[in-house]
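1. below: sequence and its predicted model.
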Amino acid sequence: MSTIIIQHDDCFRHDPGPKHPESPRRINAVLSGLEDLRGLELLPAPRATAEQIRTVHPLDFWAAIEEQEPAEGRIALDADTFLNRGSVDAALRASGGLCFAIDQILADKALRAFCAVRPPGHHSEPEQAMGFCLLNHVAIGALHALENPSIARVAIIDFDVHHGNGTQAVFEKNPDVLFVSSHQVPLYPGTGSAEETGCGNILNLPLAPGDGGRAFRRTWNRQGLPAVHDFAPDLILVSAGFDAHQRDPLAQLELEDADYRWITEEICELSRDCSQGRVASILEGGYDLKALASAGREHVLGLGS
Ligand SMILES: [Zn+2]
């Protein structure tokens, strides 16, 4: 049973502009890195349903986003979050893709999944689109999984270089979900200090600019991975951002491709102890196209192909 890759052409339609780092070419880059891997099955992402979205976002919030989508050109929701015709469909495919991946895994049709979708989601709060993100896909996916009677606890591992403020906001009072995030501090969005612990279910692991792979691995070995192990989740979700890579233009954490392989293999090893090996991962950030191809490839190889 191999890793499934979830994708949809609608994810190319969201276009925040030629100078914006969150470009449709990111998906081409990720897929190009997977081209010669054998045994990968590519499956199309369905759109998320209103029932799935409303578990995280009030439907009037999402209706307002849909209404603002322009017929042509683009509008700004904030300084770096934009809507053009197709943005809504792209976000729906991304959230729906992760829910579909989870369904495939829980039906034993796959063990692992990687959703090569965009725009990213982990900055989106229940009533606030921000930081390139419209819907919070990983939060929607976690709550979708928890509706399955076999799933009592979900762990979300977020190694994007930015703090997943939106994911933290959704779950900080929900003990059924553990959120563990490593991220560079200081950096956008400014949240994610170690003092933010939710109801004991939030573990923030701030790293400093220049820390590199050694500090990243030490932090996950000493704190992040043991916390997930102790939580004993029935399913592990991964917010897989590749912007901690040394090539990335938006941050300075200086990870290498091998660090992405390492964290992915550690997550999979851990999943064998608690979640029957089940891991569903979704693309978050990552803005250097070469790094997306090479580190994304290592991530999928780590998931097992
Ligand atoms: Zn990021």
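-> It's in.
2. what about residue 179, which SS state?
-> strand (DSSP: H, G, I helix; E, B strand; the rest coil).
3. how many neighbours does the residue of the stretch 101-250 of the chain found nearest the ion have?
-> Taking CB to the ion, the ion has its nearest neighbour within the stretch 101-250 of the chain at residue 162, 3.6 Å off. Using the backbone N, CA and C atoms, a C-beta is placed for each residue, glycine as well. Close neighbours of residue 162, defined as other CB atoms under 10 Å, add up to 29.
4. was I right about it contacting residue 182?
-> No: look at residue 162 against residue 182 with CB atoms under 8 Å: they stay out of range, at 10.5 Å.
5. quick one, phi/psi of the residue in the chain that the ion sits nearest to?
-> Per CB to the ion, residue 285 is where the chain lies closest to the ion, at 2.7 Å. The phi/psi pair for residue 285 (degrees, to the nearest 10) reads phi -90, psi -170.
6. OK, contacts around it?
-> Residue 285 makes contacts with 22, 120, 132, 160-162, 241-243, 250, as judged by CB atoms under 8 Å, 6 or more residues apart in numbering.
7. which of the residues you listed has the largest number of neighbours?
-> Ranked by the number of neighbours (other CB under 10 Å), those place residue 120 first, at 32 neighbours.
8. which one is it nearest to, not counting chain neighbours?
-> For residue 120, ignoring the flanking residues on the chain, the nearest one in space by CB to CB, 6 or more residues apart in numbering is residue 284 at 4.4 Å.
9. tell me how far stretch 286-296 is from the chain's mean position?
-> Relative to the chain's own centre, stretch 286-296 is displaced by 15 Å; criterion: CA atoms, centre = their mean, to the nearest Å.
10. same deal with stretch 70-87?
-> Using CA atoms, centre = their mean, the offset of stretch 70-87 from its chain centre is 21 Å.
11. next: stretch 61-76.
-> With CA atoms, centre = their mean, you get 23 Å for stretch 61-76.
12. quick check: mean pLDDT across it?
-> Across stretch 61-76, pLDDT averages out at 98.
13. and the end-to-end length of it?
-> Taking CA to CA, to the nearest Å, the first and last residues of stretch 61-76 lie 16 Å apart.
14. so in terms of bridging, what pairs with the residue nearest the centre of the chain?
-> Centroid check for the chain by CA atoms, centre = their mean gives residue 239 as the closest residue, at 2.7 Å. Here residue 239 sits in beta bridges with residue 158, residue 282, going by DSSP bridges.
15. let me know the pLDDT of it.
-> pLDDT, read off for residue 239, is 99.
16. which ones are touching it?
-> When contacts are counted by CB under 8 Å, 6+ apart, residue 239 is found next to 121-122, 138, 156-160, 164, 167, 181, 282, 284.
17. circling back to that earlier point, these two touch, right, the residue nearest to residue 120 and residue 240?
-> Yes: using CB under 8 Å, residue 284 makes contact with residue 240 at a distance of 6.1 Å.
18. what is in contact with those two at once?
-> residue 160.
19. show me the contacts for residue 152.
-> So residue 152 contacts 146, 176, 234 (CB under 8 Å, 6+ apart).
20. so can I have a markdown table of these showing distance to the ion and pLDDT?
-> Below are these laid out as a markdown table (distance: CB to the ion, whole Å; pLDDT from 0 to 100):
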| residue | distance to the ion | pLDDT |
| --- | --- | --- |
| 146 | 25 | 98 |
| 176 | 25 | 98 |
| 234 | 27 | 98 |
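21. need the contact partners of the host helix or strand of residue 270.
-> Using DSSP states H and E, residue 270 maps to helix 257-274. With contact meaning CB under 8 Å, 6+ apart, helix 257-274 is reached by 112, 157, 159, 213, 216-217, 220-221, 225, 228-229, 232-234, 236, 238, 242, 244-245, 277-279, 281, 291, 294-299, 301-304.
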